[in-house]
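[1] Give me a model of this one.
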Amino acid sequence: MTMLNVGRPTRPETVVETSHPSLTGGRGLLQDEALIFEMGGWDKTGVDLAPAEHDASDLGDLVRAAPIGLPGLSEPEAMRHYVRLSQKNHAIDLALYPLGSCTMKHNPRLNEKMARLAGFGDLHPLSPQSTVQGALALIDRLAHWLKTLTGMPAVAMSPKAGAHGELCGLLTIKAAHEANGQGHRRTVLVPTSAHGTNPATAAFVGYSVVEIAQTDDGRVDIADLAAKLSPDVAAIMVTNPNTCGLFERDVIEIGRLTHEAGAYFYCDGANFNAIVGRVRPGDLGVDAMHINLHKTFSTPHGGGGPGAGPVVLSAALAPFAPAPWVVSSDEGFMLVEEAEGEAAQAFGRMSAFHGQMGMFVRAYAYMLSHGSDGLRQVAEDAVLNANYIKAKLSAVMTPAFPDGPCMHEALFDDAWLEGTDVTTLDFAKAMIDEGFHPMTMYFPLVVHGAMLIEPTETESKQELDRFCHALVLLAQAAKAGDVDRFKGAPYLAPLRRLDETLAARKPRLTWKPELAGVSPAPIAAE
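    You can find the predicted model right below:
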């Protein structure tokens, strides 16, 4: 019996193109959507409120003298507005999110459920410590896991993100140098391929930043490091695996040279996802390292935060860790603000309270659900997926460092686009039309036209194949001279290509009507 295809075609190559755009601006189920200030009206409200029993005379000059300036929407209108906007966004729940050096992995729903448990989700930072013993115990257990996985004896839990963790680490290093009579050390060495926050954080703390050269195979130039180490150097900041997606094979030598010069070894732990369960940074000579819980341990990333960036510390730096600390005693767990002896040398506090409880719960749930063997597999699968992508795409794109395997991310340059009149930006924008978020572009700066792809361990082979298939077809189209496909891309997104440079330099942060007949701009937007 022959089965007839009675539905619409679903394979991309069989879709019939039409020259008839929709009459309303919508595209199928993706409806056109106005800004919220262009919806509703300033003189109505979406809810019914009973007449006030009292006037506002006691507010004096604080009484509102003009309309509040917010659109009046009913609950269905407001809900539909934000759902429609969400359908226009790419998300990790939709497809692979290949941003390199960002580890955009899936956030398990189990973690979200745990973070919303009564006792965690409704905590208040000023609750009496006797009433939050479970939360303090969880922080203590999470700290134990972080110290065990890194081979470090101490951890500061309060930093709120990766850059905040960098600040914590350098302030700890600064306090240690000052306590040891080495306050004259005012220089921090940073490789050319470092994350931009590294030199920025060092400068913020008051250090001068000196770059370390990179070798042709994408790693720290040991000879250049040795030449720049001096009695003025306070620390070196190295990302390992580095931003080129490569493991620093000379990392132990880097630590030895740094320590011989009397400096401390700060490791940017943003890429810990590539080595968790496989390598302990403490065994490599690291003195301080921040851990992005939103990268390695699956807590929400970026705007889905807030973030958390605990900092593990060596024995030499542990006494200078910021307050407070979770301490266990016969009376239970408590937060200690001040301590006697060596711990009294702490440089101060990083934040008003102890940290991001919701992120701690999510990270701890992730650790418990994986176990030690599962966390090791996280690193193995992340590296396997990245090397799979590198192997699949190397036939049509040029790897920046072709010799040997990569770690958690595959890095390509734009040499393969030479002569096509297609740029890295053009190629990335065309990916949007194929349903994929672009990879990280033009970073690291040491690679011309860089395209940095990090698949993470949470992607299946089927999804990796789908992603690679799309990029291979795009690469073939670019080399075949189909320039129009790229120069105007994206064509199918809700918005066409924007002038991103102008948007960054002159952002429009308020809404004002531009057409005649539109209601006056709300006060809230002025």
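
[2] When you work out contacts or count neighbours from here on, use the C-alpha atoms and nothing else.
    Will do.

[3] Pairing partners for the longest strand seen in the chain, with directions?
    Using DSSP state E, we find that the single longest strand of the chain is strand 233-239. Strand 233-239 has these partner strands in its sheet, going by DSSP bridges: strand 187-191 (parallel), strand 264-268 (parallel).

[4] Quick check: which of those has the most neighbours on average?
    strand 264-268 (a mean of 27; mean count of other Cα atoms under 10 Å).

[5] which stretches of the stretch 151-300 of the chain have low pLDDT?
    Low-confidence segments of the stretch 151-300 of the chain (pLDDT under 70): none present.

[6] sorry, that was for the stretch 1-150 of the chain
    1-20, 23, 41-43, 56.

[7] Next, residue 54: secondary structure please.
    Of the three states, residue 54 takes coil according to DSSP: H, G, I helix; E, B strand; the rest coil.

[8] re earlier: in whichever helix or strand comes after the longest strand of the chain, which residues are buried?
    Reading on from strand 233-239 to the C-terminus, the next helix or strand found by DSSP states H and E is helix 251-260. Buried positions in helix 251-260, judged by neighbour count with 16 or more other Cα atoms under 10 Å: 251, 254, 255, 256, 257, 258, 259.

[9] same question, stretch 139-153
    Residues 139, 140, 142, 143, 145, 146, 147, 149, 150, 151, 152, 153 are the ones in stretch 139-153 that count as buried (16+ other Cα under 10 Å).

[10] Quick check: the farthest pair among these?
    139 and 151 (17.8 Å; Cα to Cα).

[11] what about residue 234, how many neighbours?
    By the criterion of other Cα atoms under 10 Å, residue 234 has 28 neighbours.

[12] check contacts around residue 213.
    Residue 213 is in contact with 191, 192, 220, 221, 224, 225, counting by Cα atoms under 8 Å, 6 or more residues apart in numbering.

[13] returning to that earlier point: quick check, nearest of the buried residues of helix 251-260 to residue 114?
    Checking the buried residues of helix 251-260 against residue 114 with Cα to Cα, the nearest one is residue 251 at 37.6 Å.

[14] residues contacting the spatially closest residue to that closest one that is not a sequence neighbour?
    With Cα to Cα, 6 or more residues apart in numbering as the criterion, residue 251 has its nearest non-adjacent residue at 6.5 Å, and that residue is residue 284. Neighbour list for residue 284: 251, 252, 255 [criterion: Cα under 8 Å, 6+ apart].

[15] Residue 429 touches residue 493, doesn't it?
    No. The criterion here is Cα atoms under 8 Å, and residue 429 misses it with residue 493 at 9.8 Å.

[16] the more surrounded of those two?
    More crowded of residue 429 and residue 493, by other Cα under 10 Å: residue 429, with 24 against 16.

[17] Local confidence estimate at that one?
    Looking at residue 429, its pLDDT is 96.

[18] dump the residue contacts of it.
    By Cα under 8 Å, 6+ apart, residue 429 lies in contact with 438, 486, 489, 490, 497.

[19] could you pull out the helices for the stretch 251-400 of the chain?
    Taking DSSP state H, counting those that start in this stretch, the helices of the stretch 251-400 of the chain run over residues 251-260, 293-296, 357-393.

[20] Using PDB, write down the CA coordinates of the second one.
    Taking C-alpha atoms only, helix 293-296 is exported to PDB below (Å, rounded to 0.1, in the frame of the first residue of the first chain):
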ATOM      1  CA  LEU A 293      28.100  27.900  38.500                       C
ATOM      2  CA  HIS A 294      26.000  29.000  35.400                       C
ATOM      3  CA  LYS A 295      28.600  27.400  33.100                       C
ATOM      4  CA  THR A 296      29.900  24.200  34.800                       C
END
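
[21] tell me what that helix is packed against?
    Contact partners of helix 293-296 among helices and strands, from 3 or more Cα pairs under 8 Å, 6 or more residues apart in numbering; DSSP states H and E: helix 357-393.

[22] do the same with the first one
    For helix 251-260, the packing partners by 3+ Cα pairs under 8 Å, 6+ apart come out as helix 222-228, strand 264-268.

[23] between the ones you listed, which gets nearest to residue 403?
    helix 222-228 (19.5 Å).

[24] Report the buried residues of the closest one.
    Under 16+ other Cα under 10 Å, the buried positions of helix 222-228 are 222, 225.

[25] From the contact counts, what lies against that helix?
    On a contact count with 3+ Cα pairs under 8 Å, 6+ apart, helix 222-228 meets strand 208-212, helix 251-260.

[26] Output those as a markdown table; include the columns distance to residue 396.
    A markdown table is the format used below for the helices and strands packed on helix 222-228 (distance: least, Cα to Cα, whole Å):
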| stretch | distance to residue 396 |
| --- | --- |
| strand 208-212 | 32 |
| helix 251-260 | 33 |
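
[27] and residue 159, which of those is closest to it?
    Nearest to residue 159, of these and by Cα to Cα, is strand 208-212 at 22.7 Å.

[28] Between strand 187-191 and that closest one, find me the angle.
    Comparing the axes of strand 208-212 and strand 187-191 via axes from the mean of the first three to the mean of the last three Cα atoms, to 10 degrees yields an angle of 30 degrees.
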